[in-house]
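Asker: Just the structure for this:
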Amino acid sequence: MTKKYEIILKYIQDLSVEVPSAEVFIFSRDYITKYILGINITTKTLKNKMIEVITKVSYKDPTENKRKSHFEISYATVVKIIDKELDKQELEKILLCDIQKTIYPEIERILIKIIKDAGFPELRLEKNINFDELYKQKTN
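Answerer: This next block holds a predicted model:
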């Protein structure tokens, strides 16, 4: 099987931890397990058959509560497309699914560490993200 792409580099583009006050911290600490994980993926075409993929993962309170903390990471991955015969659908699957399955464990590890280092208890994200299923839902 011919290699279709290569990950050239990966880096944290932006990292945000927002805990506005001690009161918010105490409140958030009690409710952090009720926070939800969000993911957004964008792409930007670069020169020389390269594409920058930005995976933004947020962990936040889904309610309208004013006392909440917010955690977010934007992780950039630069990919070189090797297979020049890829059609649009194959390329989309690589960017939205295959690459995400490769980089997401690192993004999750960083996010969990940042939340812990911000003073919150040990956190486990119970729900694994099934990028294949998300891709199928998007294309249907």
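Asker: which residues in the chain form strands?
Answerer: Ranges of strands in the chain, per DSSP state E, are 5-18, 36-45, 50-60, 70-81.
Asker: Now do the buried residues in the last one.
Answerer: Looking back up the chat, that one is strand 70-81. 70-79, 81 (16 or more other CB atoms under 10 Å). Every C-beta, even on glycine, is put in place using the N, C-alpha and C of the backbone.
Asker: Including pLDDT and distance to residue 91, could these go into TSV?
Answerer: As requested, the buried residues of strand 70-81 are arranged in TSV below (pLDDT from 0 to 100; distance: CB to CB, whole Å):
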residue	pLDDT	distance to residue 91
70	93	32
71	95	31
72	96	27
73	97	24
74	98	22
75	98	20
76	98	18
77	98	14
78	98	15
79	97	10
81	93	7
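Asker: If you rank every helix and strand of this structure by mean pLDDT, what lands last?
Answerer: helix 131-139 (a mean of 80; mean pLDDT, DSSP states H and E).
Asker: In CSV: the strands of the chain, plus distance to residue 89.
Answerer: Formatted as CSV, the strands of the chain follow (distance: least, CB to CB, whole Å):
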stretch, distance to residue 89
strand 5-18, 15
strand 36-45, 14
strand 50-60, 15
strand 70-81, 14
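Asker: Can you pull out the low-pLDDT segments for this structure?
Answerer: Where the chain drops to pLDDT under 70, the residues are 1, 126-127.
Asker: Could you pick out the longest helix of it?
Answerer: helix 99-117 (DSSP state H).
Asker: That's all I had, so thanks and see you.
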